[in-house]
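Generate coordinates for the sequence data below:
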Amino acid sequence: MDKLEIFYTQLITKGGYALVLEGIIVTLVLAICGVLIGILVGTLCAILFTKEDKNRFERVFEVICKLYVGFFRGTPIVVQLLFIYFVILPLFGLAGSNALLVAIGIFGLNSGAYVSEIIRGGILSVDSGQNEAARALGLDSKQSMRFVVFPQALKNALPNLGNEFVTLLKETSVANYVTVHDLTYAFKTIGSASYEYMVPYFFLALCYLVLVIVASFIVKKYERRLRKSDKR
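Numbers count the residues shown, from 1 in each chain. Model (predicted):
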């Protein structure tokens with residue numbers, strides 16, 4: 001029996017396809033939930049970073065946010081997973097926590113560190129005259145940010161946010177390090193059942209390639225629609 005036949009037996013005859021389907025769903029859940037958490041956390045950090053008149057509490061919180069961004073931007077995602085799951089959580093008596101929820105949180109925090117810089121760049125790209133005009137119309141600094149500056153900044157940052165989702169989709173491949181049953185875990189399990197990894201890992205790469213191509217297509221299509229709306 002050749003390698004392809006062995007893989008077919010494990011995938012179809014012995015039900016390995018169920019693991020693959022579960023892995024695809026888990027991978028998409030990790031990426032989608034991670035980027036949504038990242039947008040929320042990153043937006044809060046970016047607004048704090050760009051705010052001019054900070055009180056004492058905000059200055060302390062800004063330092064904490066900078067340390068957070070520095071850690072998650074300065075270390076590999078796999079190190080973050082292992083460090084938080086196997087070191088930090090046990091220190092607080094949370095060893096054996098739900099691996100999927102922990103992974104979602106870590107991917108979200110990792111994404112938030114990068115999104116904070118994306119949103120910050122978007123805010124800084126808005127002409128300062130927009131803020132001045134809003135203040136001249138009687139809006140305070142919070143209202144100006146909420147109704148004038150931030151909507152424009154978000155629109156400017158949307159293409160990069162789409163790219164962040166594509167990047168996060170690929171990075172979820174390390175989630176199996178903390179026993180998450182993602183796409184990589186599925187094909188690794190299929191390979192270990194027959195001690196034949198070449199074909200399973202080939203199809204693993206193919207699956208990620210297809211997911212990334214589809215995600216990139218959706219992002220580019222949305223960007224084109226966004227550009228068309230700008231021309232109206």
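
what's the distance between the residue nearest the centre of the chain and Ala205?
For the chain, the residue nearest the mean C-alpha position is Val35 (3.6 Å; CA atoms, centre = their mean). Val35 sits at a distance of 22 Å from Ala205 (criterion: CB to CB, to the nearest Å). C-beta here means a position set from N, CA and C on the backbone, and glycine is covered the same way.

got it, and Arg225?
In terms of CB to CB, Arg225 sits 31 Å off from Ala205.

Looking at those two, which has the bigger crowd around it?
Ala205 (12 against 9; other CB atoms under 10 Å).

follow-up on the earlier one: the residue nearest to the centre of the chain sits in which helix or strand?
Taking DSSP states H and E as the definition, one finds Val35 inside helix 16-50.

Which parts of that helix count as buried, going by neighbours?
By neighbour count on 16 or more other CB atoms under 10 Å, the buried set for helix 16-50 is 16, 19-20, 23-24, 26-31, 33-35, 37-39, 41-43, 45-50.

got the buried residues for stretch 169-177?
By neighbour count on 16+ other CB under 10 Å, the buried set for stretch 169-177 is 169, 171-177.

do stretch 81-93 as well
Buried residues in stretch 81-93, counted by 16+ other CB under 10 Å: 81, 84-85, 89.

quick one on the thing from earlier: switch the buried residues of stretch 169-177 over to a markdown table; also include pLDDT.
Converted to a markdown table, the buried residues of stretch 169-177 look like this (pLDDT from 0 to 100):
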| residue | pLDDT |
| --- | --- |
| Leu169 | 94 |
| Glu171 | 93 |
| Thr172 | 93 |
| Ser173 | 93 |
| Val174 | 93 |
| Ala175 | 93 |
| Asn176 | 92 |
| Tyr177 | 92 |
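
could the residues you listed go into a markdown table alongside secondary structure?
Converted to a markdown table, the buried residues of stretch 169-177 look like this (DSSP: H, G, I helix; E, B strand; the rest coil):
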| residue | secondary structure |
| --- | --- |
| Leu169 | helix |
| Glu171 | helix |
| Thr172 | helix |
| Ser173 | helix |
| Val174 | helix |
| Ala175 | helix |
| Asn176 | helix |
| Tyr177 | helix |
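
tell me which of the residues you listed is nearest to Leu11?
Asn176 (17.9 Å; CB to CB).

Roughly how far does the closest one sit from Lys188?
Distance of Asn176 to Lys188, computed by CB to CB: 7 Å.

quick one, helices of the chain?
Assigned by DSSP state H, the helices in the chain fall at 3-8, 16-50, 56-74, 77-83, 89-91, 99-125, 128-136, 141-144, 150-171, 183-194, 198-231.

quick one: low-confidence parts of the chain?
Within the chain, the stretches with pLDDT under 70 are 1, 227-232.

out of everything not next to it in sequence, what's closest to Asn160?
Nearest residue to Asn160 in three dimensions, chain neighbours excluded: Ile118, at 4.6 Å (CB to CB, 6 or more residues apart in numbering).

Could you do Met145 as well?
Ile47 (6.6 Å).

List the contacts of that neighbour.
By CB atoms under 8 Å, 6 or more residues apart in numbering, Ile47 lies in contact with 119, 123, 145, 150.

Now with 10 Å, please.
By CB atoms under 10 Å, 6 or more residues apart in numbering, the residues touching Ile47 are 116, 119-120, 123, 142, 145-146, 149-150, 153.

swap in Leu226?
When contacts are counted by CB under 10 Å, 6+ apart, Leu226 touches 155, 158-159, 162.

what's the spacing between it and Leu161?
For Leu226, the distance to Leu161 equals 11 Å [CB to CB].

Could I get the buried residues of stretch 169-177 in TSV, plus columns for distance to Ala134?
Conversion of these to TSV gives the following (distance: CB to CB, whole Å):
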residue	distance to Ala134
Leu169	37
Glu171	38
Thr172	40
Ser173	44
Val174	43
Ala175	43
Asn176	48
Tyr177	47
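
Alright, I will stop here.
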